[in-house]
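Trainee: need a structure here:
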Amino acid sequence: MRSLFERRTTSTTRATSTTIATRTTKATRTSLAASSLLIALALTATACGGGSADEGADRAGATASREADGGDGKAGIPADIADRLAEAGIDVDAWKDGGWRDWDKDKWLSEAEDFANPVIEGLWKPERMQSAQVADKTLSTKDASADPGVSDPEPAPVRAEAEKTPYHRNAAPVGKVFFDSPEGSMVCSGTVIKDVNHPGKSNLVWTAGHCVHAGQSGGWYRNIMFAPAYNDLGKSQAELGNASSSEMAPYGNWWADWASTSSGWLQGGSATGGAGAAYDYAVLHVQPEQGAKSLEETVGAALDVDFSAPSAAESGEMGAWGYPAGPPYNGLQMFKCIDRPGRFSLSPALPTMYRIGCTMTGGSSGGGWFRVVDGETVLVSNTSIGPADSTWLAGPQLGQDAQALYDNMSRTYGGR
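Mentor: This next block holds a predicted model:
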């Protein structure tokens with residue numbers, strides 16, 4: 001299966017299926033046009049001045065983090081975060097020593113303005129990363145067919161294909177999101193995106209809302225961290241028995257110092273997505289656990305976000321990337337699926353989502369969906385929900401509300 005990030009000519013054989021043959025002529029023309037414009041992430045990385053993963057690790061570890069070091073070599077807590085924790089009755093001094101494990105509902109910060117995620121240096125060690133579980137959002141059969149009148153027929157499953165290694169040369173912006181929840185350590189996927197107000201120096205990551213906040217019944221998750229090009233060489237679990245931090249996270253650990261998700265997810269999100277699924281997206285602003293350069297400078301790549309919310313019929317092919325961790329996968333390797341999206345709706349009262357055939361499981365949540373616009377690969381959605389049998393994935397359309405969320409993050413926090 002081809003990649004949206006691999007350059008090819010119009011003479012290259014196209015993958016087809018019986019479902020593709022039934023699509024409209026207009027959609028076929030869109031796909032043909034896109035086929036001649038597919039670009040490589042490797043080229044994006046070169047254009048951004050990105051180097052090797054080893055060089056990235058060197059840059060990430062060059063100096064102490066501006067907020068991670070409290071002056072005594074231990075993780076410090078910035079004043080603004082300390083104030084928010086104190087206002088909630090949380091012992092600030094005890095937080096970094098394990099106090100964050102207290103999930104007392106009365107102290108679980110949940111409002112949009114209450115986000116607090118102080119860096120705890122050394123918390124996400126290789127073995128802790130590998131033991132993290134999936135942040136799954138699966139639908140029951142009843143939920144999945146809630147509004148068949150608006151949804152297109154269920155797509156044929158598309159078998160997920162392993163991304164080529166090293167990842168930093170083939171899918172540089174893609175990485176893994178780690179966080180702690182009341183149920184334990186969890187994993188999702190994410191994508192480095194461009195910051196329109198800080199060109200070439202973005203510290204922004206796109207992911208799913210359910211990867212940062214529990215929705216209507218809970219609050220913000222804790223210790224949210226992004227690892228770009230996680231397990232860069234795609235090594236097996238046996239090969240990673242004594243893996244170093246640089247093997248697992250070649251560009252270092254990037255902690256979210258601010259996160260924003262939609263009001264739709266905060267108010268309607270649930271264990272199976274719920275009414276919040278159509279608004280299941282989030283933006284992180286991150287800082288390095290060690291280092292001073294921006295995420296985009298360190299990784300050497302970032303993608304624009306397409307907020308035009310094209311209809312499924314007009315969007316052409318889309319590709320979903322991520323780190324599936326539910327069986328038969330284990331979260332160590334990056335996979336991808338490419339398909340033509342159809343419409344998926346949970347209710348006439350909710351925005352229509354995209355749906356593609358894909359066998360990726362939990363852990364791929366939050367991973368970017370990409371398409372080609374005017375020769376450029378852009379992020380157009382992210383993985384949100386899927387059925388228990390893992391035959392398809394659905395993601396939200398990103399329109400004006402998503403753009404407003406992004407714009408506010410860029411203006412308010414982008415320059416940190």
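Trainee: pull the longest helix from the protein.
Mentor: helix 400-413 (DSSP state H).
Trainee: now that one: mean pLDDT?
Mentor: For helix 400-413, the mean per-residue pLDDT is 95.
Trainee: and it, which residues are buried?
Mentor: Residues of helix 400-413 classed as buried by neighbour count (16 or more other C-beta atoms under 10 Å): 401-402, 405-406, 409-410, 413. Quick note: C-beta positions are derived from backbone N, CA and C, even for glycine.
Trainee: over to stretch 119-133?
Mentor: Applying a neighbour-count criterion of 16+ other C-beta under 10 Å, one finds 119-121, 123-124, 126, 129-130, 132-133 buried in stretch 119-133.
Trainee: can you list those residues in a markdown table and add pLDDT, distance to Thr377 and secondary structure?
Mentor: Shown next, in a markdown table, are these (pLDDT from 0 to 100; distance: C-beta to C-beta, whole Å; DSSP: H, G, I helix; E, B strand; the rest coil):
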| residue | pLDDT | distance to Thr377 | secondary structure |
| --- | --- | --- | --- |
| Val119 | 90 | 31 | coil |
| Ile120 | 91 | 34 | coil |
| Glu121 | 90 | 34 | coil |
| Leu123 | 94 | 33 | coil |
| Trp124 | 95 | 29 | coil |
| Pro126 | 93 | 30 | helix |
| Met129 | 95 | 27 | helix |
| Gln130 | 93 | 30 | helix |
| Ala132 | 93 | 28 | coil |
| Gln133 | 88 | 31 | strand |
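Trainee: what is the nearest of the residues you listed to Ser236?
Mentor: Gln130 (11.4 Å; C-beta to C-beta).
Trainee: can you give me the mean pLDDT across stretch 326-337?
Mentor: On average, stretch 326-337 scores 96.
Trainee: distance between the ends of it?
Mentor: With C-alpha to C-alpha, to the nearest Å as the measure, stretch 326-337 spans 16 Å from end to end.
Trainee: over to stretch 211-218?
Mentor: With C-alpha to C-alpha, one end of stretch 211-218 sits 12 Å from the other.
Trainee: what residues does the longest helix of the chain touch?
Mentor: Helix 400-413 is contacted by residues 193, 195-198, 204, 257-258, 260-262, 264, 279, 281, 283, 285, 305, 307, 396 when judged by C-beta atoms under 8 Å, 6 or more residues apart in numbering.
Trainee: please redo it, this time with the cut-off set to 10 Å
Mentor: 193-198, 202-204, 206, 209, 257-264, 279, 281-285, 305-309, 351, 381-382, 396, 398, 414 (C-beta atoms under 10 Å, 6 or more residues apart in numbering).
Trainee: any idea of the mean pLDDT in the longest strand that the chain contains?
Mentor: When the chain is parsed with DSSP state E, its longest strand is strand 184-193. Here strand 184-193 scores 97 as its mean pLDDT.
Trainee: just the CA trace of stretch 164-182, in PDB.
Mentor: What follows is stretch 164-182 as a C-alpha-only set of coordinates in PDB (Å, rounded to 0.1, in the frame of the first residue of the first chain):
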ATOM      1  CA  LYS A 164       8.900   2.100   6.900                       C
ATOM      2  CA  THR A 165      11.700   2.700   9.200                       C
ATOM      3  CA  PRO A 166      13.400   4.800  10.400                       C
ATOM      4  CA  TYR A 167      10.200   6.700  11.100                       C
ATOM      5  CA  HIS A 168      12.000  10.100  11.200                       C
ATOM      6  CA  ARG A 169      12.700   9.700   7.500                       C
ATOM      7  CA  ASN A 170       9.300   8.400   6.500                       C
ATOM      8  CA  ALA A 171       6.700   9.900   8.800                       C
ATOM      9  CA  ALA A 172       8.600  12.500  10.800                       C
ATOM     10  CA  PRO A 173       5.700  14.500  12.300                       C
ATOM     11  CA  VAL A 174       4.000  11.400  13.700                       C
ATOM     12  CA  GLY A 175       4.500  10.300  17.300                       C
ATOM     13  CA  LYS A 176       3.000   8.800  20.400                       C
ATOM     14  CA  VAL A 177       1.100  10.500  23.200                       C
ATOM     15  CA  PHE A 178       1.500   9.200  26.800                       C
ATOM     16  CA  PHE A 179      -0.600  10.300  29.800                       C
ATOM     17  CA  ASP A 180      -1.900   9.100  33.200                       C
ATOM     18  CA  SER A 181      -5.500   8.500  34.000                       C
ATOM     19  CA  PRO A 182      -7.300   7.100  37.000                       C
END
